[in-house]
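Asker: Below is the sequence, then the predicted model.
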Amino acid sequence: METQEQDLVVTLKYDRMTHRYAKVSLPHPLSVCLRITDVCNRTCYHCCSGPSGNIGKTRDLKRLMTTIRKAGTPRLNITGGEPFTHPDIEGLLEYAVELGFGVSVTTSGDRVTERHVIFMGTRQIKPDVSLDGPDDKINRALRGNGSFDRVMEVASQCREHSVPFILNCTIQQHNLLHVDALATLGKQLLAKKITFIVIRPQGRAKSLPEILLSDDDIRVLHEKVELHRKTWTIGVMDLRKQPRSFVVVEPNGDIIAQSHDEYVTVGNALRDGTEFREVWADPEKFDHKSHLLHFVT
Ligand code: SF4
């Protein structure tokens, strides 16, 4: 198994009728989210993941990682639910690193110990820590008791052990006003980057249309972010204009094409070793241009 990222070959298909480069073709996804478990110890009311209680078996998850890596995918985001509730989290992270992935893990921080932080640091695994409010009161209202202090503790441990971390903030009606304060806090915490994620009508959030952002709200979000971008690495993840752009693999092997408001099963990577590649190559299932834009904007 290779340990270095492969050079990326992007094919641009030229349309003679319109004189435009109409299609982008990528040989493999640039990154895949692998949900190793649906279980989470929190019950954030706006959760887009919609925990259902499935825990991936270590053997199946390793098979999935091998398939995704063999297809050429350079980066793997381990996600959930809460990944650190998985009983074999360290073994799975270790395996992903051995396969040669650049690995990140999305976490609330609740179950992350200092030992985990050191473990991740020595393997160049990047923690993406979720924080939705700039102080205890606001974050508690959105994510529950103790959530703010936990993130502060993990951030402190990451600084102490020189582990670069990212803050992921899901932005919805109840924290749109706090974007500036979140950005300022992220800088103070010395996060490597802060990503504002536009809430998607998926999971529990699907039944809460009142917390979704309007076009005007998203314009405001972008304006705020532009100001902070002058001094810091900060981004917006907005799937509305990038349909079928995210590749998610479920604990049972289901391959998901994710859009802003859709979460569609397009295959299963455990059923057949070649299905992952075939599904990725099908332009009806994944939009390569939208996928690429996540990594260049
Ligand atoms: S948003 Fe994250 S921490 Fe909250 S319930 Fe969902 S998976 Fe758990």
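Answerer: That came through, no problem.

Asker: can you pull out the helices in the protein?
Answerer: In the chain, the helices defined using DSSP state H lie at 58-70, 89-98, 114-122, 136-143, 147-160, 179-188, 215-229, 275-281, 288-296.

Asker: list the contacts for the closest residue to Ser108 other than its chain neighbours?
Answerer: Distance criterion CB to CB, 6 or more residues apart in numbering; nearest residue to Ser108, sequence neighbours excluded, is Ser130 at 5.2 Å. C-beta here means a position set from N, CA and C on the backbone, and glycine is covered the same way. Residues near Ser130 by CB atoms under 8 Å, 6 or more residues apart in numbering: Thr106, Thr107, Ser108, Gly109, Arg143, Val151, Leu167, Asn168, Cys169, Thr170.

Asker: how about 10 Å then?
Answerer: The neighbours of Ser130, taking CB atoms under 10 Å, 6 or more residues apart in numbering as the test, are 42, 44, 82, 106-110, 139, 142-143, 147, 151, 166-170, 197.

Asker: just to revisit the earlier point, confidence-wise, which of the helices of the chain is weakest overall?
Answerer: When the helices of the chain are ranked by mean pLDDT, helix 288-296 comes last with a mean of 88.

Asker: Now do it: distance to the chain's middle.
Answerer: How far helix 288-296 lies from its chain's middle: 14 Å, per CA atoms, centre = their mean, to the nearest Å.

Asker: And stretch 226-244, by the same measure?
Answerer: Using CA atoms, centre = their mean, the offset of stretch 226-244 from its chain centre is 14 Å.

Asker: picking that back up, within reach of the ligand, which of the contacts of Ser130 are there?
Answerer: Restricting the contacts of Ser130 to those touching the ligand (CB under 6 Å from any ligand atom) yields Arg42, Cys44, Glu82, Ser108, Arg143.

Asker: Hmm, the first one is touching Asn139, no?
Answerer: No - using CB atoms under 10 Å, Arg42 is not in contact with Asn139, being 11.5 Å away.

Asker: Can you tell me which residues in the stretch 1-150 of the chain are near the ligand?
Answerer: Cys40, Arg42, Thr43, Cys44, Cys47, Ser49, Gly80, Gly81, Glu82, Ser108, Ser130, Arg143.

Asker: swap the cut-off to 5 Å and go again
Answerer: Cys40, Arg42, Cys44, Cys47, Ser49, Ser108 (CB under 5 Å from any ligand atom).

Asker: TSV please, covering these and showing neighbour count, pLDDT and distance to Leu26.
Answerer: What follows is these, written out as TSV (neighbours: other CB atoms under 10 Å; pLDDT from 0 to 100; distance: CB to CB, whole Å):
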residue	neighbour count	pLDDT	distance to Leu26
Cys40	20	94	31
Arg42	17	94	34
Cys44	20	93	33
Cys47	17	92	30
Ser49	20	82	26
Ser108	26	97	31
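
Asker: so can I have TSV of the residues you listed showing distance to Gly100?
Answerer: Formatted as TSV, those follow (distance: CB to CB, whole Å):
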residue	distance to Gly100
Cys40	29
Arg42	32
Cys44	33
Cys47	31
Ser49	27
Ser108	28
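
Asker: Quote the end-to-end distance of stretch 219-238.
Answerer: Taking CA to CA, to the nearest Å, stretch 219-238 runs 11 Å from one end to the other.

Asker: Okay, Asp217 and Asp238: tell me how far apart.
Answerer: From Asp217 across to Asp238, the span is 11 Å (CB to CB, to the nearest Å).

Asker: between these two, what contacts are shared?
Answerer: Joint contacts of Asp217 and Asp238 (CB under 10 Å, 6+ apart) are Ile171, Val198.

Asker: More neighbours: the two, which one.
Answerer: Asp238 (19 against 15; other CB atoms under 10 Å).

Asker: Grab the nearest non-local neighbour of the more buried one.
Answerer: Take Asp238 and drop its neighbours on the chain: the residue closest to it by CB to CB, 6+ apart is Val198, 4.3 Å away.

Asker: Can you report how many residues lie near that neighbour?
Answerer: Residues near Val198, counting by other CB under 10 Å: 19.

Asker: thinking again about what came up before, which members of the ones next to the ligand among the contacts of Ser130 define the maximum pairwise distance?
Answerer: The distance between the two most remote of the ones next to the ligand among the contacts of Ser130 (CB to CB) is 11.7 Å, for Glu82 and Arg143.
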